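**Q** The sequence and its predicted three-dimensional model are supplied below.
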Amino acid sequence: MSTVTKRIVLRGAGFSLRLHPRAVVVGVVLVLAALGVALVNLTTGDFPVPVGDVLRSLAGRGDAGTDFIVYELRLPRVLVTLLVGAALGASGSVFQSLTRNPLGSPDFVGLTAGAATGALVVMLILGGGGLRVSAGAVLGCVITAVTIYLLAFRRGSQPFRLVLLGIGVSALLEAANSYLIYRSQLNEALAAQVWLIGSVNGRGWTEVVIVGVTLGVLLPLVVYYGRHLKMLALGDEMAVLHGVPVERSRAILALAAVGLAAGATATAGPIAFVALAAPPLAARLSRSPSTGILPAAAMGAALLTAGDWAAQHVLPGNDMPVGVITAALGGVYLTWLLFRERGGTR
Amino acid sequence: MTDPRLRAQDLTLAYDKRVVVENLDVRIADGSFSVIVGPNACGKSTLLKSLARVLKPQAGAVLLDGQAIASYPSKHVAKQLGMLPQSPIVPGGLVVEELVARGRFAHQRLLKQWSPEDESAVHEAMRLTEVAELADRFVDELSGGQRQRVWLAMALAQQTPILLLDEPTTFLDLSHQFEVLDLCAELHEQGRTIVAVLHDLNHAGRYATELIVMRAGTVVAQGPPDRVMTAELVEDVFAMPCRVIDDPETGTPMVVPADRHRRRGIRAPEAARA
């Protein structure tokens, strides 16, 4: 049996869908896992709440005390975690496909560093917090992206150049970030450093709206244009021959992926490695040559939610920023990736 | 004279600043099996790429149905015109059938991902190119010849009335070369317009209905092979003295190069011994 016939084809009046059954199952399982861990996160904390009470409260039939804990203290954080994870997973999937490189994720090509610079400039020079920091992060991310894009695609497409340039720009921006922290007051520097780790602690409904709107607008866009990615993977020439408007497609996909990374970083700070690891892990589970954007988003949500659970429970009585956990997991993942590459397995 | 569907007008093509083709006009006769020949680096493949709108002209235009090819939506052109490029990127982890199926992209939409026509086009293309038995193999594990037939299958799955082929016989052994050329002739008989860049003049003489001879970025002759392919032209274009005789098998013009090597001295084994 071939892989094509292994796919399920659904046909009806005027439509036909071709689905990779295993990818669908993996996607659904990952979404359920993410929601399951999210539910656990809703029940645990300084005031444990039984699952039954949480569910009653979510259904709108809880008592005032539980409602307060669920809706004000925990739900925003849980939603931010799910949405930021999904945005990072989707963004990483698009970037890795566009650059044809497993290292071509937003944290490696300098976007996260750019967002951090934007946020630090607001925090340490202009002064301001909350939304202004988020705006600074988005602006920093977009400016970095446009700069790298113009440098990398100045003459035709060379995805590999984009990765190399991104690493270079990243190093420059990291230096700028270090300088910004070095010249600031101690308490400001501390706040900035905490932001740089990436965290979902104390996120409220405003942050839910920011990342929710980002995802609501950009995810459908990248999924629609995501069909072009499998053609772009065959090279620009082949993509043109088969009717992909290459430059427009690539620009839209890249900008949307930048937007997703920017929205996520503006909400939770530069959370490491979710965008890098989620897409290949999802692809591996669904045994598919190309990374589906939706499975990658589901994997991102599951990873970050699980990471946040670990951040709250690994060290008793210590609510760590989730960025610490993802960085640690990411380090393990990257080591494994390089180790496996050296081993020369297919 | 009505204009053919595909033609180039006053075309100048360049890579960066290196001009390869200058002020070239060419008309691809509808329903022809046109073969472009010429010495290395004369701009054959470059011309083919611009006819397929993969290379944007520096000046002039390629016209499809009377309009600049660049002015159409990309998918519209992809339903009219397909091309087998010279050395496509070989994707990792992709099986043959999946790759050939991607040849249907231009016919698909978000909610029309796999119609019965898609399915039959893919199977037909794989049958014609004899890659059906390779369906489950990874493309990056195939031999050069098998891969070439897979790429051809992908281009055929596109089902375009105009098909451009850049050296379709490279990587193929003798029998597979002729199988591919016979397949092109069959597609041509079914009414498609075929444009191929070929290296072998005898293949060109045998299969082309229209020969386009290029030298240094210009078209020096165009017409049916029995009229165009003369000893003078071949010597002029390829700097190669030769005779042109009738192919004993088909009666089409056949190039027999003059024996420069032996005439140059080392006449026979005994001469070397002396």
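**A** Everything's here; your move. Treat the numbers as computed from the prediction; the structure is a model and nothing was measured. Numbers count the residues shown, from 1 in each chain, chains lettered A, B, ... in the order given.

**Q** counting contacts, what elements does whichever helix in chain A runs longest pack onto?
**A** Ranked by residue count and defined by DSSP state H, the top helix of chain A is helix A:205-232. Contacts defined by 3 or more CB pairs under 8 Å, 6 or more residues apart in numbering or on different chains; DSSP states H and E place helix A:205-232 against helix A:75-99, helix A:131-152, helix A:236-241, helix A:246-268, helix A:293-313. C-betas here are computed from N, CA, C, even on glycine.

**Q** Tabulate these (CSV), appending mean pLDDT, distance to A:S57 and mean neighbour count.
**A** Listed next are the helices and strands packed on helix A:205-232 as CSV, based on pLDDT from 0 to 100; distance: least, CB to CB, whole Å; neighbours: other CB atoms under 10 Å in any protein chain shown:
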stretch, mean pLDDT, distance to A:S57, mean neighbour count
helix A:75-99, 95, 9, 29
helix A:131-152, 90, 28, 20
helix A:236-241, 94, 50, 24
helix A:246-268, 93, 24, 24
helix A:293-313, 94, 19, 27
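
**Q** Which residue, other than its chain neighbours, is closest to the residue in the stretch 1-150 of chain A that chain B sits nearest to?
**A** Residue nearest to chain B within the stretch 1-150 of chain A (CB to the nearest CB): A:R18, separated by 3.9 Å. Nearest-residue entry for A:R18: B:W114, 3.9 Å, with adjacent residues in sequence omitted and distances by CB to CB, 6 or more residues apart in numbering or on different chains.

**Q** tell me the SS of the one you found?
**A** Applying DSSP: H, G, I helix; E, B strand; the rest coil to B:W114 yields a three-state assignment of coil.

**Q** Could you list which residues are in contact with it?
**A** A:R7, A:V9, A:R11, A:S16, A:L17, A:R18, B:Q108 (CB atoms under 8 Å, 6 or more residues apart in numbering or on different chains).

**Q** near chain B at all, the helix or strand encompassing the second one?
**A** Taking DSSP states H and E as the criterion, A:V9 maps to strand A:8-12. Yes - contact of strand A:8-12 with chain B (CB under 8 Å from any CB of the partner chain) involves A:V9, A:R11.

**Q** Which positions in the helix or strand just after that strand come out as buried?
**A** Where DSSP H and E defines the elements, the next helix or strand beyond strand A:8-12 is strand A:15-19. Using 16 or more other CB atoms under 10 Å in any protein chain shown as the burial criterion, the residues of strand A:15-19 that qualify are A:S16, A:R18.

**Q** The helix or strand just after strand A:15-19 - what's its average pLDDT?
**A** Using DSSP H and E, the helix or strand that follows strand A:15-19 in sequence is helix A:21-43. Mean per-residue pLDDT for helix A:21-43: 93.

**Q** any residues touching helix A:21-43, and which ones?
**A** Residues contacting helix A:21-43 (CB under 8 Å, 6+ apart): A:6-8, A:49-51, A:54-55, A:58, A:70, A:74-75, A:77-78, A:81-82, A:85, A:282, A:285-288, A:292, A:294-295, A:298-299, A:301-302, A:305-306, A:308-309, A:312.

**Q** tell me the angle of it relative to strand A:8-12?
**A** Relative orientation of helix A:21-43 and strand A:8-12, computed by axes from the mean of the first three to the mean of the last three CA atoms, to 10 degrees: 90 degrees.

**Q** from the chain's centre, how far out does whichever helix or strand comes after helix A:21-43 sit?
**A** For helix A:21-43, the following helix or strand on the C-terminal side (DSSP H and E) is helix A:51-58. Chain-centre distance of helix A:51-58: 29 Å, with CA atoms, centre = their mean, to the nearest Å.
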